[in-house]
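Undergrad: coords please:
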Amino acid sequence: MVDLNTTDRYKAVSIALHWLVLFLMLAIYASIEIHEMIPRGNPMRGAMEDWHIYLGFLLLPIVVFRLVNTLRTTIPPISPTPVGWQPMATKLMKVYLYLLMLGMPLLGWLYLSADGEAISVWGIPLPAIAPQSEGLAEFFEEAHEILGLSGYLFIPGHALAALYHHYFVKDNTLRRMLPGFMIKKS
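TA: Numbers count the residues shown, from 1 in each chain. Sure, this is the predicted structure:
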């Protein structure tokens, strides 16, 4: 069995949160893409939009917990140590991904609030966090869409960078975040 509590790998909680957030984000993106494919008037279109909202609201507390966990956890070093611009690029990518993960649900909530929609997630009413305003609603909706579109670039970019490090640089970048059952024993 692989020891998940070594200094060269993330802890099991961090690994689980990373993959949970990925799967949630994939479901959020899939639900809105399916929503767009369904013709207007079809009840499934509204259901996909509802799931997009529900999953977005579910993502928010999980990402907050993940961020707190990340800030309180020692990050295992990459071995061999990256050189040049790579450490700064890694930090900037992580900051941007957290902005994406936190910003998307918050902008969606702001949009729904400003649009005057009653917000209820699984029967739990949520407060409006912005005043009702057509101008604000348009601004928040546009910001939500632009940030969401950027995810189509940055999420695969993050994955491709990990694969590049694994297969070409041959460092432990990817192995640090893989679940234990996916790690080959040496």
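
Undergrad: not counting residues beside it along the chain, what's closest to the spatially most central residue of the chain?
TA: For the chain, the residue sitting closest to the mean C-alpha position, by CA atoms, centre = their mean, is residue 101 at 4.1 Å. Nearest non-adjacent residue to residue 101, counting by CB to CB, 6 or more residues apart in numbering: residue 63, 4.4 Å away. For glycine as for every other residue, the C-beta is placed from the backbone atoms N, C-alpha and C.

Undergrad: and for that neighbour, the neighbour number?
TA: When counting by other CB atoms under 10 Å, one arrives at 24 neighbours for residue 63.

Undergrad: so it sits right up against residue 102, yeah?
TA: Yes - counting by CB atoms under 8 Å, residue 63 sits close enough to residue 102 to count as a contact (5.6 Å).

Undergrad: so where's this protein shaky on pLDDT?
TA: Under the criterion of pLDDT under 70, the regions of the chain flagged as low confidence span 1-6, 185-186.

Undergrad: so what's residue 86 up against?
TA: Residues in contact with residue 86 (CB atoms under 8 Å, 6 or more residues apart in numbering): none are found.

Undergrad: circling back: any idea how far the residue nearest to residue 101 lies from residue 145?
TA: For residue 63, the distance to residue 145 under the criterion CB to CB, to the nearest Å works out to 19 Å.
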